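Novice: using only what follows, build the 3D model:
(one chain, ligands or ions: 1)
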Amino acid sequence: MKIGIVCYPTFGGSGVLATELGKGLARKGHKVHFITYKQPARLTTFDANIYFHEVSNNTEYPLFEYAPYDTALVSKLVDVIQYEKLDILHVHYAIPHATVAYLAKKILLSQGIYIPVVTTLHGTDITLVGINKSFASSVQFAINKSDGVTAVSESLKSQTLEYFDINNNIEVIHNFVDFNRFKKRNKDHFKKAIAPEGEKILVHTSNFRPVKRVGDVIKVFQKVREKVASKLLLIGDGPERQNMEFLCRQLGLCEDIRFLGKQDAVEELLAVGDVFLMPSEKESFGLAALEAMACEVPVVSSDAGGLQEVNIHGKTGFVSPIGDVDDMAKNIIKMLTDEKIHEELKSNALLQAQKFDLDIILPKYESFYQSIIESKVWKNVT
Ligand code: GMT
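Specialist: As a prediction, this is how the structure comes out:
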């Protein structure tokens, strides 16, 4: 198939998932065209089946405070779909991509070209941004007009049906992990450098938005550190970073917390982790938790959204109510002070992650595309 992929090219979960999907499809022989405003962060190596079309949006005109990206994307889509003769367009994150795809489809239709559109809902496009009144009607319309819709968890599907008036089927296709990359590695030298006295290592990775509740990570760490000699690695960057640095100083924890910023080789850092923390306010799936589990790191998470579809309480880690830092700390202390429990959680985490292996999930996208193309429902677009 010739597949177009539209996504945010950043380190956010939706962009990471979309890029890994495209890379996986390309390895299976499909021609994959990424259409984004810059090279996707995880698209770092050359593949003969991958094409990158940059949406340039640098028109300077006194009238534009912000150059209209959506319009530039529509035109780029029309151009790429027409000249590369794509079979299907897959847009990740509904805002604005699903609406933009609908417009591109209509323009192409006026030229006698049919392109089926698949929209994947990732999370905050529904749970945070999508229900904001300034986006709601356009998101609802575009979901209903997509030829195929997928959501990354059962929880996100339910929330979409609850918040919006949806008359389209939503197929759940969970996030996946590539075990060629995310697997337990021996990084003892690195572990020694971070934790020279054999301290336990807690890890958190996110884009430091308020929804990730990084403050809870730090408060949990403070409690754990009172009982277990430990260090905390904070990976990623974003709007809350400065506040978090301030909180560390306030609590006198700076010596034991390392802010590592954005990192490409997350798997190397996960390799030294003893526990992964994800106390999010909202989390449609929790890709970062899955990647940690693939590296045999148990997860302590909140019970937000679809997290419990990944992290099974008492089996692969522990789940606590959102904001319950006491319970999270108690669970971490339990696992870090009982080797038998810790070892069991680690091996269960790996077994659970294997259910979301790229080799299992990717064919689900392939057959979904095939079913949409074959059903030809998109030919009836009005
Ligand atoms: O919140 C993020 O880290 C980014 C966000 C996004 O939309 O880019 O991630 C969402 O998509 C991921 C991939 O499908 C999911 O694993 C994350 O759970 C989801 N984040 C939220 O729902 C907050």
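
Novice: when you work out contacts or count neighbours from here on, use the C-alpha atoms and nothing else.
Specialist: OK.

Novice: up against the ligand, what does the stretch 101-250 of the chain have?
Specialist: Where proximity means C-alpha under 6 Å from any ligand atom, the interface of the stretch 101-250 of the chain facing the ligand comprises 122-124, 152, 175, 206-207.

Novice: top of those by neighbour count?
Specialist: With neighbours taken as other C-alpha atoms under 10 Å, the top of those is residue 123, carrying 29 neighbours.

Novice: you'd agree that residue is up against residue 156?
Specialist: Yes. Between residue 123 and residue 156 a contact is recorded at 6.6 Å, counting by C-alpha atoms under 8 Å.

Novice: name the residues contacting each of these two.
Specialist: Residues touching both residue 123 and residue 156 (C-alpha atoms under 8 Å, 6 or more residues apart in numbering): residue 284.

Novice: min pLDDT across the residues of the stretch 101-250 of the chain next to the ligand, which one?
Specialist: pLDDT is lowest at residue 124 among these; the value there is 90.

Novice: how about it, what does it touch?
Specialist: Residue 124 makes contact with 130, 282, 284 under the criterion C-alpha under 8 Å, 6+ apart.

Novice: tell me the phi and psi of it?
Specialist: Residue 124 adopts backbone torsions of phi -70, psi -20, taken as degrees, to the nearest 10.

Novice: quick one on the thing from earlier: can you tell me which of the residues of the stretch 101-250 of the chain next to the ligand are in helices?
Specialist: Secondary-structure check on those using DSSP state H: residues within helices are residue 124.

Novice: need the max-distance pair from the residues of the stretch 101-250 of the chain next to the ligand.
Specialist: The most widely separated members of these are 152 and 207, with 18.8 Å between them, by C-alpha to C-alpha.

Novice: doesn't residue 319 belong to a helix?
Specialist: No. Residue state for residue 319 (DSSP: H, G, I helix; E, B strand; the rest coil) corresponds to strand; a helix is not indicated.

Novice: does residue 169 touch residue 146 like I think?
Specialist: No. Contact between residue 169 and residue 146 fails when scored by C-alpha under 8 Å: they sit 9.8 Å apart.

Novice: the more surrounded of the two?
Specialist: Of the pair residue 169 and residue 146, residue 146 is the one with more neighbours under other C-alpha under 10 Å, namely 24 against 14.

Novice: give the contact list for that one.
Specialist: Residue 146 touches 98, 102, 116-119, counting by C-alpha under 8 Å, 6+ apart.

Novice: where does this structure dip in pLDDT?
Specialist: Within the chain, the set of residues satisfying pLDDT under 70 comprises 377-382.

Novice: that one: strands as residue ranges?
Specialist: Listed in chain order, the strands found in the chain under DSSP state E are 2-6, 31-36, 50-54, 88-92, 117-121, 148-151, 171-172, 200-205, 230-235, 257-261, 275-278, 299-302, 317-320.

Novice: residue 217 is nearest to which of those strands?
Specialist: Comparing the strands of the chain against residue 217 with C-alpha to C-alpha, the closest turns out to be strand 275-278 (6.7 Å).

Novice: and the nearest residue to residue 87 once chain neighbours are set aside, what is it in contact with?
Specialist: For residue 87, ignoring the flanking residues on the chain, the nearest one in space by C-alpha to C-alpha, 6 or more residues apart in numbering is residue 2 at 5.2 Å. The contact partners of residue 2, taken as C-alpha under 8 Å, 6+ apart, are 30-33, 85-88.

Novice: with residue 203 instead?
Specialist: By C-alpha under 8 Å, 6+ apart, the contact set of residue 203 is 232-235, 270, 273-277.

Novice: any idea where the helices of the stretch 101-250 of the chain begin and end?
Specialist: Counting by DSSP state H, counting those that start in this stretch, the stretch 101-250 of the chain has these helices, from start to end: 124-127, 133-145, 154-163, 188-194, 214-227, 241-251.

Novice: can you give the contact residues for the fourth one?
Specialist: Around helix 188-194, the neighbours that count as contacts under C-alpha under 8 Å, 6+ apart are 198, 231, 272.

Novice: among those residues, which ones are buried?
Specialist: 231, 272 (16 or more other C-alpha atoms under 10 Å).

Novice: buried stuff in stretch 220-230?
Specialist: Counting neighbours by 16+ other C-alpha under 10 Å, stretch 220-230 gives 220-225, 230 as buried.

Novice: just want the residue of the stretch 51-200 of the chain that's nearest the ligand.
Specialist: Nearest residue of the stretch 51-200 of the chain to the ligand: residue 123, at 3.7 Å (C-alpha to the nearest ligand atom).

Novice: which residues touch that residue?
Specialist: Listed by C-alpha under 8 Å, 6+ apart, the contact partners of residue 123 are 93, 152, 156, 283-285.
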